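Asker: Fold the following and give me the result.
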Amino acid sequence: MVEVSRRRAIEDVASDLFRANGYAGTSVRDIARAMSLQGASLYAHVTSKEDVLWAIVDRAASSFEAAADRAEGQAQERRPGDPVEAISALIRAHVEVLTEDVGEASVFVHEWRALGPERRQTVLERRDAYEARFRRRIADGIALGAFALVDPAIASTVLLTALNGVATWYDPAGRLAADRVADHVVELGLRLLGLEAHR
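Answerer: The predicted structure follows:
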């Protein structure tokens, strides 16, 4: 248990450093110094800087996937087959993950490309599968006349790009609580999809 908590502490410190300085701008020595460890001591807990990045990225991806699973299930219970309810739930879930741990989310959004080819490909496949959830719901909404007639692939990419931007500006100590930020982002996301024009 101590080993697990130490490993997580290292990942949390690394996440803060990667967010502040970028993956390339952060050395193992920087992480060790922030942990008050010698560089060699750090390697007793992690095998490489990339392994630390991978742990952060993999955990964040799993958080987004799990939140989306819950959101889609709850939307189906509330209003079965309603694409507006479904996309609203997906947007809210995405923002909740982003605001729950801004540092980890920011590293996921901006630094995953620093991973080696095999891990980068894994992230790409998971990202594509995740984006497909949004694309399907947008296509459903278009088919039912709830959303503007746009290309669902472009719409999902634009929407997720905007959502991921939350990780760059959200401040937990800021003017609005996370749930209020989510409310506004859901409304803006629906407007982006042309819902307002169809009401």
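Asker: hmm, which helix or strand of this structure has the shakiest average pLDDT?
Answerer: helix 195-198 (a mean of 54; mean pLDDT, DSSP states H and E).
Asker: Which strands or helices does the helix with the most length in the chain pack on?
Answerer: As assigned by DSSP state H, the longest helix anywhere in the chain is helix 49-78. Contact here means 3 or more Cβ pairs under 8 Å, 6 or more residues apart in numbering; DSSP states H and E; on that basis helix 49-78 packs against helix 2-21, helix 28-34, helix 83-100, helix 102-111, helix 117-143. Using the backbone N, CA and C atoms, a C-beta is placed for each residue, glycine as well.
Asker: tally of neighbours for the residue lying closest to residue 140 once chain neighbours are set aside?
Answerer: Distances taken as Cβ to Cβ, 6 or more residues apart in numbering put residue 83 closest to residue 140, at 3.9 Å, once the chain neighbours are dropped. Per other Cβ atoms under 10 Å, the neighbour tally for residue 83 reads 21.
Asker: I figured residue 83 hits residue 146, correct?
Answerer: Yes. Between residue 83 and residue 146 a contact is recorded at 5.9 Å, counting by Cβ atoms under 8 Å.
Asker: Including distance to residue 67 and mean pLDDT, could the helices and strands packed on helix 49-78 go into JSON lines?
Answerer: Below are the helices and strands packed on helix 49-78 laid out as JSON lines (distance: least, Cβ to Cβ, whole Å; pLDDT from 0 to 100):
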{"stretch": "helix 2-21", "distance to residue 67": "18", "mean pLDDT": "84"}
{"stretch": "helix 28-34", "distance to residue 67": "28", "mean pLDDT": "89"}
{"stretch": "helix 83-100", "distance to residue 67": "4", "mean pLDDT": "96"}
{"stretch": "helix 102-111", "distance to residue 67": "11", "mean pLDDT": "93"}
{"stretch": "helix 117-143", "distance to residue 67": "10", "mean pLDDT": "96"}
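Asker: Ok, which of these comes nearest residue 153?
Answerer: Among those, the nearest to residue 153 by Cβ to Cβ is helix 117-143 (5.8 Å).
Asker: Show the subsequent helix or strand relative to that closest one.
Answerer: helix 152-164 (DSSP states H and E).
Asker: Give me the contact list for that next one.
Answerer: Applying Cβ atoms under 8 Å, 6 or more residues apart in numbering, the external contacts of helix 152-164 come out as 91, 94-95, 98, 109, 131-132, 134-136, 138-139, 142, 147, 185, 188-189, 192-193.
Asker: 7 Å instead, please
Answerer: Helix 152-164 has contacts (Cβ atoms under 7 Å, 6 or more residues apart in numbering) with 91, 94-95, 109, 131, 134-135, 138-139, 142, 185, 189, 192-193.
Asker: Mind giving me the ChimeraX command for buried ones among the residues you listed?
Answerer: Here is the ChimeraX command that picks out the buried ones among those, judged by 16 or more other Cβ atoms under 10 Å:
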select :91,94,95,109,134,135,138,139,142,185,189,192,193
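Asker: nearest to residue 14, of the contacts of helix 152-164?
Answerer: So of those, ranked by how close each gets to residue 14 (Cβ to Cβ), first place is residue 109, at 15.7 Å.
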